[in-house]
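Enquirer: need a 3D model of the following:
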Amino acid sequence: MADVWRFTIGLLLLAVTCYACDDMDSSVCHRLAGAKPDMCNDTCFASICQRFCGQCPLKCYNCNDIESSQQCNLTVECSSKDYQCISAASFTNDFREVFKLGCAPASVCSHYGKRSIDKRAGTSCCNSDLCNHGSGSKRTQERKAVETVQRQVSSPVCDDADSLACTLLFTVNTHMCSDDCIANKICPRLCGKCTKCYECDHVTTTENCTESRVCDPGEVCFTVETLNFNLEHGYKLGCVHQRICDSLHAQASSIFGRRSNGDVELSLTGGCCHGELCNHHQLLPEPITSQLVTTTKPTTTTRPTTPQPTTTTQRNCHYYANGCTFSDAYVYHGECYHIQPTHMTWIQAKHFCESRCGHLASFSDLSVMSRVLTGVTHHQSSLLHTTHTQDELYVDAIDPGHNNQWFWESSFTPVASNFFHSISSHQLSYCAATTAVLQKLVAVDCNTRYYPLCQHKSHHN
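Expert: Have a look, this model is predicted:
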């Protein structure tokens, strides 16, 4: 009979880490609580942080006949919120003291009181996660450990609740932007509901523009070439609604023909792009074939009411004579490579490369990566009279599980260990970067800003 009892207990403990109700990611919830202390009063935030917000049954240590309650390292989720965690002392047949830990109905615990101990029975109950271990309330301690996150709000209309929390959330759920709650309220900028663009009235070259702002929802970045009545050639950069971009190729002069100071300018050509700070170079009008196609069904709208994430937006696929979407791209074995000299987080770098019909660079062989890094840095340095040999460059490798299981995100193929200078999954180091000098990958914080190394197949192939 004892063997049957042990077998039954064993089955119950197999699911100790499979909780029906839990946070989407505990570190995300802590970051969000620092940025929005009252987040649990918001159903949107509480929906992804159910345990943090106290909406789940308790998690309790669950062991039988152990010599000390602190020896227990197995946990279980109680069947309902009417249960509390319990630690009960008893004796074996030879009067050896042992403990049983688990979940008990509140009606049972009412006989002993909260965290009170019956000296005869050696029994105590408590009502917070993993509190029956003899070390106090874990959930209470976690809530006290939350620090206030200081945020610099770029736009009162559209901004992520916390940029690092959104980056972390993306690593555990790459489809998070399909959730309207996350996309519209928690991470609207990362999900492409709005973006930051360079914004200048008149600069001689696009690279001279250093001002930027967060665009309103529904707006994208633009760059337009201008010529004022003094015959001064220049560029205008900023935010504009998508519907205006759709007609830019035909109406440029009427759309962008006046500067903020009232002077009239003649717009020569221009275009729009989708992505964080993507308008730092000359843009061409999007081809007509890239416009949305209307449906023949009269009951179906041709445009969704809610803007889609950046992964589904139109791309700037203008190919230059070299067969690449970058005029200064380095071509190696039919692949175009480009270093964008703008510091970005890994997510922003990924979106930028995708907006130019590519992806962050990935490699099947370490020797190929070495040749490309040497070639692209020397190639662009000779054209731009600058050097990128010391610059850190984001590539496509990520470790979303923080367990040193690295893979190329665009193809979901493993990254060989010989690519790395040193491998680490410590804390936030789950993205990879490299330099032309190092020619090895290093694990980095995904929120650090580096240059993106973009790659796509040459249009000549």
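
Enquirer: helix/strand/coil for Leu373?
Expert: Of the three states, Leu373 takes helix under DSSP: H, G, I helix; E, B strand; the rest coil.

Enquirer: for Cys454, same thing?
Expert: Applying three-state DSSP: Cys454 is strand.

Enquirer: dig out what it forms beta bridges with.
Expert: His338, Leu360 (DSSP bridges).

Enquirer: pLDDT at the residue nearest to Asp25 when sequence neighbours are not counted, what is it?
Expert: Excluding the flanking residues, the one nearest Asp25 by Cβ to Cβ, 6 or more residues apart in numbering is Val172, at 4.9 Å. In short, each C-beta sits where N, CA and C put it, glycine included. According to the prediction, Val172 has pLDDT 80.

Enquirer: I figured Val172 hits Ser26, correct?
Expert: No: counting by Cβ atoms under 8 Å, Val172 does not reach Ser26; the two are 10.3 Å apart.

Enquirer: shouldn't His351 be in contact with Glu276?
Expert: Yes: between His351 and Glu276 there is a contact under Cβ under 8 Å: 6.2 Å.

Enquirer: run a quick neighbour tally on the residue nearest to Asp25.
Expert: The tally of other residues near Val172 (other Cβ atoms under 10 Å) stands at 14.

Enquirer: distance of it relative to Glu354?
Expert: Going from Val172 to Glu354 by Cβ to Cβ, to the nearest Å gives 20 Å.

Enquirer: and the helices in the stretch 351-461 of the chain?
Expert: 366-384 (DSSP state H, counting those that start in this stretch).

Enquirer: hey, where'd the strands end up in it?
Expert: 359-360, 393-398, 407-408, 413-414, 420-422, 429-434, 441-445, 451-457 (DSSP state E, counting those that start in this stretch).

Enquirer: adding mean neighbour count and distance to Thr205, write these out as CSV.
Expert: Shown next, in CSV, are the strands of the stretch 351-461 of the chain (neighbours: other Cβ atoms under 10 Å; distance: least, Cβ to Cβ, whole Å):
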stretch, mean neighbour count, distance to Thr205
strand 359-360, 22, 26
strand 393-398, 26, 23
strand 407-408, 18, 35
strand 413-414, 12, 39
strand 420-422, 13, 37
strand 429-434, 25, 28
strand 441-445, 20, 31
strand 451-457, 24, 19
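
Enquirer: which of these sits closest to Lys36?
Expert: Nearest of the strands of the stretch 351-461 of the chain to Lys36, taken as Cβ to Cβ: strand 441-445 at 22.3 Å.

Enquirer: just checking, what packs against the closest one?
Expert: Counting contacts by 3 or more Cβ pairs under 8 Å, 6 or more residues apart in numbering; DSSP states H and E, strand 441-445 is packed against strand 420-422, strand 429-434.

Enquirer: strands paired with it, and their directions?
Expert: For strand 441-445, pairing defined by DSSP bridges yields strand 420-422 (parallel), strand 429-434 (antiparallel).

Enquirer: as TSV, these with mean pLDDT and distance to Glu97 would be great.
Expert: Shown next, in TSV, are the strands paired with strand 441-445 (pLDDT from 0 to 100; distance: least, Cβ to Cβ, whole Å):
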stretch	mean pLDDT	distance to Glu97
strand 420-422	77	48
strand 429-434	83	45
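
Enquirer: can you add distance to Phe222 and give the ones you listed back as JSON lines?
Expert: As requested, the strands paired with strand 441-445 are exported to JSON lines (distance: least, Cβ to Cβ, whole Å):
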{"stretch": "strand 420-422", "distance to Phe222": "40"}
{"stretch": "strand 429-434", "distance to Phe222": "29"}
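
Enquirer: of all those, which one is nearest Gln340?
Expert: Nearest to Gln340, of all those, is strand 429-434, at 13.8 Å by Cβ to Cβ.

Enquirer: what angle do the closest one and strand 451-457 make?
Expert: 70 degrees (axes from the mean of the first three to the mean of the last three Cα atoms, to 10 degrees).

Enquirer: can I get strand 429-434 in CSV? Just the C-alpha atoms.
Expert: Presented in CSV, the C-alpha positions along strand 429-434 are these (Å, rounded to 0.1, in the frame of the first residue of the first chain):
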residue,chain,number,x,y,z
SER,A,429,22.9,38.7,-22.8
TYR,A,430,20.8,36.9,-25.3
CYS,A,431,21.7,38.7,-28.5
ALA,A,432,25.0,38.5,-30.4
ALA,A,433,27.3,41.1,-31.8
THR,A,434,30.8,41.1,-33.4
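
Enquirer: chain center to it, what's the gap?
Expert: Its chain's C-alpha centre lies 14 Å from the corresponding centre of strand 429-434 when counted by Cα atoms, centre = their mean, to the nearest Å.

Enquirer: stretch 181-194 too?
Expert: 11 Å.

Enquirer: check stretch 357-368 too.
Expert: Worked out by Cα atoms, centre = their mean, stretch 357-368 lies 21 Å from the chain centre.

Enquirer: low-scoring stretches of this structure, by residue?
Expert: Counting by pLDDT under 70, the ranges of the chain that qualify are 1-19, 112-121, 135-157, 227-231, 246-269, 282-316, 383-389, 400-403, 422-429, 461.

Enquirer: which residues in it form helices?
Expert: Under the criterion DSSP state H, the chain contains helices at 2-13, 26-35, 43-48, 106-109, 138-145, 163-172, 180-181, 242-246, 248-255, 346-355, 366-384.

Enquirer: ok, Glu276 - contacts?
Expert: For Glu276, the contact set (Cβ atoms under 8 Å, 6 or more residues apart in numbering) comprises 189, 195-196, 344, 348, 351-352.

Enquirer: again with Ser107
Expert: Applying Cβ under 8 Å, 6+ apart, no residues contact Ser107.

Enquirer: on that earlier part again, where's the residue nearest to Asp25 relative to Ser355, distance?
Expert: From Val172 to Ser355 the distance is 24 Å (Cβ to Cβ).

Enquirer: quick one: furthest residue from the center of the chain?
Expert: Distance from the C-alpha centroid of the chain peaks at Asp94, with 57.2 Å (Cα atoms, centre = their mean).

Enquirer: distance check, Pro356 against Tyr337.
Expert: Not Pro; residue 356 is Arg. Per Cβ to Cβ, Arg356 is found 12 Å from Tyr337.

Enquirer: comparing those two, which residue is more hemmed in?
Expert: Arg356 (26 against 23).

Enquirer: that one reaches Thr325, doesn't it?
Expert: Yes: the pair Arg356 / Thr325 is scored as a contact, 4.5 Å apart, by Cβ under 8 Å.
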